[in-house]
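Student: output the structure for:
(one chain, ligands or ions: 2)
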Amino acid sequence: MNILHASSEVFPYSKTGGLADATAALARAQAAAGHTVTLVTPLYRGIREKLDDIGPSGIELQVPLGQAKLQAKVWRLEQEPNLTVLFIDQPELFDRESLYGQDDDAERFIFFSKCVSRLTKPEHLDLEIVHAHDWQSGLVMPLLGCERVGKVFTIHNAAYQGRFTADKFDLTGLPKAYFDWRQLEFHGEVNFLKGGIVFADLVTTVSPRYARELFTQQYGCGLEGVFQARGDTLAGVLNGVDYTEWNTTNNPHLSAAYCADSLDGKSANKQTLQQEIGLPACDTVPLFGNISRFTEQKGIDILIDALEERLGDEAAFQFAGLGMGDRFLERAMSSLAKRHPKQIAMKIGYDKGLAHRIEAGSDFYVMPSRFEPCGLNQLYSLRYGSVPIVHATGGLDDSVIDLGQGQDTATGIKFGDCSAEALGQALGRALALYAKPKNLAKVRDNGMRADFSWRQTTAEYGRLYAKII
Ligand code: ADP
Ligand code: GLC
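Tutor: Ligands and ions are numbered 1, 2, ... in the order given. The predicted model follows:
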């Protein structure tokens, strides 16, 4: 099949979270399965300079945006067999320090979506599927009009909707009639995510449980009615892991290699992590890890309370954290670390290498997310032998098997109520497991051998695509 993906972030070119990992890996897996894949993404600051093989594609786009007509140059990178990445170069809009959170985000992503829809024209590409991701590419769906392609839209997180004041609607160039509660209008504003949901032939999200959750008021973020209207054309497909990037046997970020058959290197990684992050080196104390965007979603406040509750005995446990975002949460976590330097270490910032080392050096990986469409870190932690402790929601519930299911199958620890108390109890269960090395070894081994590669996910998307073309 000829497939085009549109995403506002793609690893390794740009990344703020799992969207970048997921779109990059899905495209690679589809290309490896024999499909012809084009990935379209903005050319942010610094990307071109890092890529030796990037070159002009020969395509220049002229795109109206309100009264203005903006030009975009399209750069091409043949990333690997069957996979081409096209970068939209519009310096005024994309040559910025950060990816989002700017005053003109509406203009930036209307423009991006218009460029994508232009590229789907037969003079540029011959396509069967156009697959757009999240609100930043949501408008691609209505902009395609009645083009003869299968339109697929994936929601990676319904909490981010791209809602803007009504006046921005004119910039889209879409028929005025689309500014209606059945289409792009939402409480008087224009909602890009809603546009994607309504106009796609098929809507997917990144885990089966989150697909069910989206129908509810608790998780639908106001769009539950729109999701309900999609009925069974909303499918949940669990993300996978790119094991060429996230592995413990051939990984430049780790100090020692290890795998399920030979675990010796795991403790060397624990030592390296303790040294790097400033915790006392000790192989026998259980070490919990966490890597997060600091937002309400990730339950960092709950984590802080649960850790605080259990602090005191230095031999009981250590915690290594990495993250950034909400200033209040950053300060609260840093203050906890300052008050308990022998047990809690926190690095505020973004650090790709340290993210791998926390996964490899921890004994347990804690993920108390209030909601989690899929979650990738718990999947990485399974392969890295860091037993996940997760709130039973979304993809966390779909990908971890609780200790209560018995040691033959268990891969982690789940808790049902998203509170500091319930997380505290789950941490207690983890400490009890740690005290029984044989049992811990079995649970860890089950997780390390679990296969979350993109192969199944790609096959599932193939079946779904076939239904709509
Ligand atoms: P989300 O996309 O909601 O942030 P995921 O679990 O799907 O959550 O993916 C998060 C991705 O971002 C993972 O690859 C994780 O390692 C990475 N990440 C998040 N915060 C940081 C950070 N501060 N430094 C390095 N990597 C980070
Ligand atoms: C979003 C979600 C996360 C998911 C990621 C990739 O950022 O918050 O749960 O894993 O997208 O699909």
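Student: contacting residues for the residue of the stretch 101-250 of the chain found nearest ligand 2?
Tutor: Closest to ligand 2 within the stretch 101-250 of the chain is H156: 3.3 Å, counting by Cβ to the nearest ligand atom. C-beta coordinates here come from the backbone N, C-alpha and C atoms, glycine included. By Cβ atoms under 8 Å, 6 or more residues apart in numbering, the residues touching H156 are 18-19, 22, 133-134, 205-206, 373-374.
Student: would you turn these into JSON lines with pLDDT?
Tutor: Shown next, in JSON lines, are the contacts of H156 (pLDDT from 0 to 100):
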{"residue": "G18", "pLDDT": "96"}
{"residue": "L19", "pLDDT": "98"}
{"residue": "A22", "pLDDT": "97"}
{"residue": "H133", "pLDDT": "98"}
{"residue": "D134", "pLDDT": "98"}
{"residue": "T205", "pLDDT": "98"}
{"residue": "V206", "pLDDT": "98"}
{"residue": "P373", "pLDDT": "98"}
{"residue": "C374", "pLDDT": "98"}
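Student: what stretches of the stretch 151-300 of the chain score poorly on pLDDT?
Tutor: For the stretch 151-300 of the chain, applying pLDDT under 70 flags no range at all.
Student: retrieve the pLDDT associated with E314.
Tutor: Listed pLDDT for E314 reads 69.
Student: can you offset everything so residue one is 7?
Tutor: Okay, using 7 as the starting number, the last item reads as E320.
Student: what residues does the stretch 157-306 of the chain have near ligand 1?
Tutor: Residues of the stretch 157-306 of the chain lying close to ligand 1 (Cβ under 6 Å from any ligand atom) are 297-299.
Student: I only care about those that end up buried; give me the PyMOL line for that.
Tutor: A single PyMOL command selects the buried members of these (16 or more other Cβ atoms under 10 Å):
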select buried, resi 297+298
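Student: and of the residues of the stretch 157-306 of the chain next to ligand 1, the nearest to ligand 2?
Tutor: Lowest distance from ligand 2 to those (Cβ to the nearest ligand atom) belongs to R299, with 8.1 Å.
Student: any idea what that closest one is bridged to?
Tutor: As for beta bridges, R299 partners with M330 under DSSP bridges.
Student: I figured it hits L335, correct?
Tutor: No. Using Cβ atoms under 8 Å, R299 is not in contact with L335, being 10.0 Å away.
Student: next, format the residues of the stretch 157-306 of the chain next to ligand 1 as JSON lines and append distance to S123.
Tutor: Formatted as JSON lines, these follow (distance: Cβ to Cβ, whole Å):
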{"residue": "I297", "distance to S123": "35"}
{"residue": "S298", "distance to S123": "34"}
{"residue": "R299", "distance to S123": "30"}
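Student: re the thing from before, also near ligand 2: which of the contacts of H162, exactly?
Tutor: Answer for the contacts of H162 near ligand 2 (Cβ under 6 Å from any ligand atom): 24-25, 28, 212, 379-380.
Student: what does stretch 280-288 rub up against?
Tutor: 277, 279, 293, 320, 324, 326, 347-349, 351, 353, 360, 363, 367.
Student: lowest-confidence one in the residues you listed?
Tutor: Across the contacts of stretch 280-288, the smallest pLDDT goes to E320, namely 69.
Student: where exactly do the strands run in the stretch 107-256 of the chain?
Tutor: 135-139, 156-161, 169-170, 191-192, 195-197, 208-211, 240-242 (DSSP state E, counting those that start in this stretch).
Student: in TSV, list these along with mean neighbour count.
Tutor: Formatted as TSV, those follow (neighbours: other Cβ atoms under 10 Å):
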stretch	mean neighbour count
strand 135-139	28
strand 156-161	24
strand 169-170	18
strand 191-192	18
strand 195-197	23
strand 208-211	23
strand 240-242	21
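Student: now the two most distant members of the contacts of stretch 280-288.
Tutor: E320 and L360 (23.1 Å; Cβ to Cβ).
Student: neighbour count winner among those two?
Tutor: Using other Cβ atoms under 10 Å as the criterion, E320 and L360 rank with L360 on top: 19 against 13.
Student: hmm, that one is touching K353, no?
Tutor: Yes. Counting by Cβ under 8 Å, K353 is a contact partner of L360 at 6.3 Å.
Student: quick check on the spatially closest residue to Q384 that is not a sequence neighbour: phi, psi?
Tutor: Distances taken as Cβ to Cβ, 6 or more residues apart in numbering put P394 closest to Q384, at 4.2 Å, once the chain neighbours are dropped. Note on P394: its backbone torsions stand at phi -70, psi 140 [degrees, to the nearest 10].
Student: tell me what P394 is bridged to.
Tutor: Note on P394: beta-bridge partners by DSSP bridges are Y371.
Student: relative to T415, how far out is it?
Tutor: From P394 across to T415, the span is 14 Å (Cβ to Cβ, to the nearest Å).
Student: what about the two, which has more around it?
Tutor: Between P394 and T415, counting by other Cβ under 10 Å, P394 is the more crowded of the two (24 against 13).
Student: quick one: contacts for that one?
Tutor: The contact partners of P394, taken as Cβ under 8 Å, 6+ apart, are 370-373, 384, 387-388, 402, 406, 417-419, 453.
Student: so the protein: which segments form each domain?
Tutor: Residue ranges for the domains of the chain, per automatic domain parsing: 8-246+460-474, 270-455.
Student: out of these, which comes closest to A262?
Tutor: Closest approach to A262 among the domains of the chain is made by domain 270-455 (3.3 Å; Cβ to Cβ).
Student: mind checking how far that closest one is from the chain centre?
Tutor: 18 Å (Cα atoms, centre = their mean, to the nearest Å).
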